[in-house]
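Asks: the amino acid sequence is not available; the structure is as follows:
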């Protein structure tokens, strides 16, 4: 998926993954509840393809959102806040929505995935495509000059 994002763009591949997860959520849980090993493997494999569509271009996409001076900080703060605010409570939210294991409600967990996918779609839709961004044009770090040392930034 990372290679595909090099050809068609980070944003479309990422959006494909988020939309796919949102659409796939309900089918995923139906297939997992089937008690059929083949359907379970297929459900997880398809879900991982959509996950890969987001994860593959993610590093390049996020890094390209920031200029050279703020890239490391921007990506790091964004990733850390996202894992704290959304990633850490996700399993607790899913278990709470699932309810008891005697009478589980996987439809609520699927709905939670749809809401998360919708938030992702809205957020990524507000960004421009980064694949064609010329990172060399960002002059935060001066080019090496022949016979001179580079300026400090």
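Replies: Right, received. Where do you want to start? Just so we're clear, the structure is a prediction, and the values are computed from it rather than from any experiment.

Asks: which SS class is residue 133?
Replies: coil (DSSP: H, G, I helix; E, B strand; the rest coil).

Asks: and for it, the neighbour number?
Replies: 16 (other CB atoms under 10 Å). (Each C-beta comes from the backbone N, C-alpha and C, glycine too.)

Asks: so which strand or helix has the most centrally placed residue in the chain?
Replies: In the chain, the residue lying closest to the centroid (CA atoms, centre = their mean) is residue 54, at 4.2 Å. Following DSSP states H and E, one finds residue 54 within helix 37-64.

Asks: how about that helix: buried residues?
Replies: 43, 46-47, 50-54, 56-58, 60-64 (16 or more other CB atoms under 10 Å).

Asks: likewise for stretch 1-8?
Replies: For stretch 1-8, burial by neighbour count (16+ other CB under 10 Å) applies to 1-2, 4-5.

Asks: give me the number of residues near residue 73?
Replies: The tally of other residues near residue 73 (other CB under 10 Å) stands at 10.

Asks: enumerate every residue touching the closest residue to it other than its chain neighbours.
Replies: Once flanking residues are discounted, residue 73 sits nearest to residue 66: 7.9 Å by CB to CB, 6 or more residues apart in numbering. Contacts for residue 66 (CB atoms under 8 Å, 6 or more residues apart in numbering) come out as 73-75.

Asks: pLDDT on stretch 57-66, on average?
Replies: For stretch 57-66, the per-residue pLDDT values average out at 89.

Asks: which SSE is immediately downstream of the worst-scoring helix or strand of the chain on mean pLDDT?
Replies: Taking mean pLDDT, DSSP states H and E as the measure, the helices and strands of the chain show their lowest mean at helix 71-82, namely a mean of 91. Per DSSP H and E, helix 71-82 leads on to helix 90-98 as the next helix or strand towards the C-terminus.

Asks: report the distance from that next one to the chain centre.
Replies: Put simply, helix 90-98 sits 20 Å off its chain's centre (CA atoms, centre = their mean, to the nearest Å).
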